[in-house]
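> I need the structure of the sequence given here:
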Amino acid sequence: MEIVVEEARDEDMEQVFELEEKCFKYPYPPQLLAMLRALYPELFLVAKHGNRVVGYVSAVVRSDGYGHIVSICVDPEYRRQGIGKKLMESVEARMRSKFGLCRYRLEVRVSNEPAIRLYKSLGYRIVGVLRSYYPDGEDGYVMVKDVCQQGERSSCAQISSSSSSSEAG
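Down below sits the predicted model:
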């Protein structure tokens, strides 16, 4: 089965919204997903099997120099086939090449063991717990991945530290 990962297009968004409802107990509203895509279209990717959207990932650039994986979803019928891994690797590569980011973070339900295993296999580690993070009161883990080389920092951290020092003067 050939899966293609590419930037989401206008015509993909209806399927993305439908997928969001399949994947999550508390899905993001269509307006929020559209806003995430408008903010960072190069970080809003879909996985397609033919013309069918079978997964998506959305990320943003944080002012602290982290790339933030906001949401990732794979159609339940297509899980355990490497699509989530392919989406994560694709969005991380884009955050690195287009924005110079080498640190990534995400949040995940503490009960979502398959996702936690995937993230750990990709080099993420749990660094904190967000108490009652989800609407139903479930806690979330904060997971981070740092692939910066020695002496390298994500570009946004450099930008924010240089702009804050110039503002102080």
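> Tell me which helix or strand residue 69 sits in.
Residue 69 is part of strand 67-74 when elements are defined by DSSP states H and E.
> Parallel or antiparallel, which strands does that strand pair with?
Using DSSP bridges, strand 67-74 pairs in its sheet with strand 52-61 (antiparallel), strand 103-109 (parallel).
> how far out from the middle of the chain is it?
Averaging C-alpha positions (C-alpha atoms, centre = their mean, to the nearest Å) puts strand 67-74 2 Å from its chain's average.
> Please work out the average pLDDT along it.
What strand 67-74 shows for mean pLDDT is 96.
> Need the CA coordinates for that strand. PDB is fine.
The C-alpha coordinates for strand 67-74 follow below in PDB (Å, rounded to 0.1, in the frame of the first residue of the first chain):
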ATOM      1  CA  GLY A  67       8.400  22.700  17.300                       C
ATOM      2  CA  HIS A  68       5.100  21.800  18.800                       C
ATOM      3  CA  ILE A  69       3.200  18.800  17.500                       C
ATOM      4  CA  VAL A  70      -0.300  20.000  18.100                       C
ATOM      5  CA  SER A  71      -2.200  17.000  16.800                       C
ATOM      6  CA  ILE A  72      -1.600  13.700  15.000                       C
ATOM      7  CA  CYS A  73      -4.300  11.300  13.900                       C
ATOM      8  CA  VAL A  74      -4.400   8.100  11.900                       C
END
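> any idea which helix or strand comes after it?
Next along from strand 67-74, by DSSP H and E: helix 83-99.
> same for that following helix, what does it pack against?
Applying 3 or more C-beta pairs under 8 Å, 6 or more residues apart in numbering; DSSP states H and E, one finds that helix 83-99 contacts strand 4-7, strand 44-49, strand 52-61, strand 67-74, helix 113-121. No exception for glycine: its C-beta is placed from N, CA and C like everyone else's.
> Off-centre distance for it?
9 Å.
> one step back: who wins for proximity to residue 25 among the strands paired with strand 67-74?
Nearest to residue 25 among those is strand 103-109 (9.0 Å), distances taken as C-beta to C-beta.
> quick one, that closest one and helix 83-99 angle?
150 degrees (axes from the mean of the first three to the mean of the last three C-alpha atoms, to 10 degrees).
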